[in-house]
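K.L.:
Generate coordinates for the sequence data below:
(chains A and B)
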Number of protein chains: 2
Amino acid sequence: MNVHEAIRTRRSIRDYQARPVDPEMLVRLVEAGCWAPSAGNMQNWRFILVRDPSRLRKLRMVSPGMIGVAPAAIVVCEDVEATRKIAGDVEADRCTKMDAALAAYAICLEAHELGLGTCMVGSFHTAAVQKLLKLPKGTVPMLIVAVGYPSGDRKAPQRNLENIYSFEVYSEDG
Amino acid sequence: MNVHEAIRTRRSIRDYQARPVDPEMLVRLVEAGCWAPSAGNMQNWRFILVRDPSRLRKLRMVSPGMIGVAPAAIVVCEDVEATRKIAGDVEADRCTKMDAALAAYAICLEAHELGLGTCMVGSFHTAAVQKLLKLPKGTVPMLIVAVGYPSGDRKAPQRNLENIYSFEVYSEDG
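P.N.:
Okay, the predicted model is just below:
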């Protein structure tokens, strides 16, 4: 699947088949994630790959954004402490959020090419996820990527190019 | 170019040919950008496409992160005010940073497929960029994507899968 098509046909998937996702597939997704760019090439991600149904259930309980029962999840974490030491507090906040998003998107696009569905989830209880995944202090979950084989087709939400860009300066006319 | 290859061969490009980038190409990149997912599907981006050499020079002057002379730049902005109204202040901060990063990455991958080089730039003076691009209050530049035809080859920085992931819970052993 070429990039042009993948970007335009990726959907956020919330209905999954029960079919499990092989561990090797998840590792391949993580590998894609770590080819995403990161601020100052810091690469301060940490990925937790969850497949255990009981742990997934607990993860869903503290993640209101996790809709549907995905057979796997990749929790994209950042070593915020390490980033702060290099970039300072303010920049670290920005970098870790952006870097996690970039890695998560690489995971979603690679998954889409492999026939897997994903959904990025930003709504979860940080401290509860930290405890559940036994994350050390300073390693913070930034995004959860739910992963599974899609059940049924998902219609594309609308995109409208009008009024979202302009040349040289801001203009309402596009 | 398939997704797998694109993700792994994209580089941050800082040396560009003088050859200009067609306006149509930049619009195609913006179109890719707006197929990126956004928190709650808010799609609160705004893209400013800069090609004017004088404005690009001024942009570089207030953007220490812009290294090399790119013939074009896409400034990825977010309507932070609109996002705050929907998501509240804390969530808006997170969403706008992540959403801008996602759109910027779609732009970089699509550009790579088209033979263009890009570099995401996070280091710039926000207020100065706002003034230069005549952005209204509430519309904030989040990332600059420098765009141009690459000059020469760029070696891949190292990636190391060791110790960046583990199954189920955090573990130093991977």
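K.L.:
Regarding chain A, what is its longest strand?
P.N.:
Longest strand in chain A by number of residues, with DSSP state E as the criterion: strand A:139-148.
K.L.:
Any residue of that one touching chain B?
P.N.:
Yes: among the residues of strand A:139-148, A:139, A:143 lie within reach of chain B under C-beta under 8 Å from any C-beta of the partner chain. For every residue, glycine as well, the C-beta is placed using N, CA and C.
K.L.:
then stretch A:99-118 to CSV, C-alphas only?
P.N.:
Output in CSV follows, covering the C-alpha atoms of stretch A:99-118 (Å, rounded to 0.1, in the frame of the first residue of the first chain):
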residue,chain,number,x,y,z
ASP,A,99,7.1,12.5,20.0
ALA,A,100,4.6,10.1,21.4
ALA,A,101,2.0,11.2,18.8
LEU,A,102,4.5,10.7,16.0
ALA,A,103,5.5,7.2,17.1
ALA,A,104,1.8,6.3,17.6
TYR,A,105,1.0,7.5,14.0
ALA,A,106,3.8,5.4,12.5
ILE,A,107,2.3,2.4,14.4
CYS,A,108,-1.2,3.1,13.1
LEU,A,109,0.0,3.5,9.4
GLU,A,110,2.1,0.3,9.5
ALA,A,111,-0.7,-1.6,11.2
HIS,A,112,-3.1,-0.4,8.4
GLU,A,113,-0.8,-1.7,5.8
LEU,A,114,-0.7,-5.1,7.6
GLY,A,115,-4.5,-5.2,7.6
LEU,A,116,-4.8,-4.3,11.3
GLY,A,117,-7.1,-1.6,12.7
THR,A,118,-6.0,0.8,15.4
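K.L.:
who's in contact with A:Y170?
P.N.:
By C-beta atoms under 8 Å, 6 or more residues apart in numbering or on different chains, A:Y170 lies in contact with B:46, B:48, B:133-136, B:139.
K.L.:
hmm, back to that, listing partners with orientation, what would you give for the longest strand of chain A?
P.N.:
Neighbouring strands of strand A:139-148 in its sheet, by DSSP bridges, are strand A:72-79 (antiparallel), strand A:117-121 (antiparallel).
K.L.:
what comes up buried for it?
P.N.:
Across strand A:139-148, burial judged by 16 or more other C-beta atoms under 10 Å in any protein chain shown covers A:139-148.
K.L.:
Out of these, flag the one nearest to A:R84.
P.N.:
Looking at the buried residues of strand A:139-148 and their distance to A:R84, the nearest is A:V140, at 10.9 Å (C-beta to C-beta).
K.L.:
How about the closest one, nearest residue that isn't a chain neighbour?
P.N.:
Nearest non-adjacent residue to A:V140, counting by C-beta to C-beta, 6 or more residues apart in numbering or on different chains: A:V80, 4.8 Å away.
K.L.:
which residues in chain A form helices?
P.N.:
Taking DSSP state H, the helices of chain A run over residues A:3-9, A:23-33, A:53-61, A:80-87, A:89-113, A:126-132.
K.L.:
B:P20 versus the most centrally placed residue in chain A, what's the distance?
P.N.:
The centroid of chain A falls nearest to A:A104 when counting by C-alpha atoms, centre = their mean (3.1 Å). Taking C-beta to C-beta, to the nearest Å as the measure, A:A104 falls 33 Å from B:P20.
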